[in-house]
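Undergrad: Give me a model of this one.
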Amino acid sequence: EVQLVESGGGLVHAGGSLRLSCAVSGFIFDDYAIGWFRQAPGKEREVVSSIRSSDGTTYYAYSVKGRFTISSDNAKNTVYLQMNSLKSEDTAVYYCAAQRTLLGFVDYWGQGTQVTVSS
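TA: Model (predicted):
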């Protein structure tokens, strides 16, 4: 059974930090890129960052570049999203997803974790 389980969301003040985790099971980790997406109320889901597990290639949306860092622990089949200097506009439900290629079609989604940044 394929599972992507997010954790680490919560409430934080603007300027603070959070680290999200995405634990993956049920497929070969190195065969996929793992992406972080977010969806704020009334807005479309957007990609935030993605990492190709096999070689560590990363992508960041312009809005988070320099503030967020994506990393993977291949031994633990886990991808992390370190979020620093959080802003109120980062408030959203954050999802991790498995993609066959970096920024490609999503094959599997996690259930999401809420991140709320208070101003």
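Undergrad: residue contacts, the closest residue to residue 84 other than its chain neighbours?
TA: Nearest residue to residue 84 in three dimensions, chain neighbours excluded: residue 17, at 4.7 Å (C-beta to C-beta, 6 or more residues apart in numbering). The C-beta positions use only the backbone N, C-alpha and C, and glycine is treated the same way. By C-beta atoms under 8 Å, 6 or more residues apart in numbering, residue 17 lies in contact with 82, 83, 84, 85, 86.
Undergrad: Now rank those residues by neighbours and give me the top one.
TA: residue 83 (27 neighbours; other C-beta atoms under 10 Å).
Undergrad: quick one: that one and residue 68 touch, right?
TA: Yes. Residue 83 is in contact with residue 68 according to C-beta atoms under 8 Å; the separation is 5.1 Å.
Undergrad: okay, now residue 107: neighbour count?
TA: Counted with other C-beta under 10 Å, residue 107 comes out at 12.
Undergrad: where does it sit relative to residue 6, distance-wise?
TA: 16 Å (C-beta to C-beta, to the nearest Å).
Undergrad: just residue 27 next, same as before
TA: Relative to residue 6, residue 27 is positioned 16 Å away (C-beta to C-beta).
Undergrad: How about the secondary structure of the spatially most central residue of the chain?
TA: Per C-alpha atoms, centre = their mean, the C-alpha nearest to the average position across the chain is that of residue 36, at 2.5 Å. The three-state label given to residue 36 by DSSP: H, G, I helix; E, B strand; the rest coil is strand.
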